[in-house]
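> here is a sequence with its predicted model. Questions after.
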Amino acid sequence: MKSVCCKTLALTALVAAPLWAQAELTANIALTSNYKFRGQDQDQKRTSAVKPALQGGFDYSFGDSGFYVGNWNSSVNWLDNNSLETDFYGGYKFKAAGVDWDVGALSYVYWGNSAGNTTELYGAASYGPFTAKYSHTVSKDYFGMGKASGVDGARGRNTGYLQFAYSQEVVKSLTFKASVGYTNLASDIKTEKTPNFMDYSIGAAYDFGGGLSLTGAVVGANKKAAYGDINKARLILTLAKTL
């Protein structure tokens, strides 16, 4: 039995060797003047326009197989006893009918306060400079909105988010970027105080070379009467480095 087991492991390692040999690990770090997620400030304890956040993570691609996993982190300030968001994700990229496809799952984890923990499945299609992406909540709650509503049975599962994005280099090293998204809250958490809303971003990124870039964009969302300053449009600057 031991011999068969060892031979099986050896064969598995031999088959997987080319895949691991082509695998690639990259890292990134960034400093942003304001972390907005789907148009909303993730530092909700302050009302100033500048709310610096330190961000960074890792991406691991399994060569030409199309599979990848990753982790991304950011300082936040909207949950009690929590100052860190950690995202874990994994998926599969492939090309079909001239379109680049990307499907996967992503979990948002908030250390010290699990009320905000949320998991989504996503699918994206890119053609030239255009990308359409849809994310669907499969966890019981959607960023704690079910619990915060105070309504018995409110959860937030099946909340959906649809985004259309455009990215195109206009001159050497300068890329124009724009996006619009729509959050469709699950019926059990959607109210007059928490309605569906749209977010937007328009700006540009300059590539200095060597993995260093600077992005400037105006980012915000509508429905300010319901959500307040967290949806207010802000000019956000982000300095990022890919390693």
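Everything's here; your move.
> poorly predicted segments of the chain, please.
By pLDDT under 70, the weakly predicted segments of the chain are 1-22, 150-152.
> repeat the analysis, applying 50 as the threshold.
For the chain, residues meeting the criterion pLDDT under 50 lie at 1-16.
> all strands of it, in order?
Counting by DSSP state E, residue ranges of the strands within the chain are 24-32, 36-37, 40-41, 53-61, 67-75, 84-96, 99-110, 118-127, 130-137, 160-171, 174-184, 197-209, 212-221, 234-242.
> rebuild those as CSV, extending it with mean neighbour count and distance to G144.
C-betas here are computed from N, CA, C, even on glycine. Below are those laid out as CSV (neighbours: other Cβ atoms under 10 Å; distance: least, Cβ to Cβ, whole Å):
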stretch, mean neighbour count, distance to G144
strand 24-32, 14, 23
strand 36-37, 20, 13
strand 40-41, 25, 13
strand 53-61, 16, 19
strand 67-75, 17, 17
strand 84-96, 15, 12
strand 99-110, 16, 8
strand 118-127, 17, 8
strand 130-137, 16, 12
strand 160-171, 14, 16
strand 174-184, 16, 15
strand 197-209, 16, 17
strand 212-221, 17, 18
strand 234-242, 17, 23
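> distance to F143 added to these, as JSON lines?
Shown next, in JSON lines, are these (distance: least, Cβ to Cβ, whole Å):
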{"stretch": "strand 24-32", "distance to F143": "19"}
{"stretch": "strand 36-37", "distance to F143": "9"}
{"stretch": "strand 40-41", "distance to F143": "10"}
{"stretch": "strand 53-61", "distance to F143": "17"}
{"stretch": "strand 67-75", "distance to F143": "14"}
{"stretch": "strand 84-96", "distance to F143": "10"}
{"stretch": "strand 99-110", "distance to F143": "7"}
{"stretch": "strand 118-127", "distance to F143": "5"}
{"stretch": "strand 130-137", "distance to F143": "9"}
{"stretch": "strand 160-171", "distance to F143": "11"}
{"stretch": "strand 174-184", "distance to F143": "10"}
{"stretch": "strand 197-209", "distance to F143": "13"}
{"stretch": "strand 212-221", "distance to F143": "14"}
{"stretch": "strand 234-242", "distance to F143": "20"}
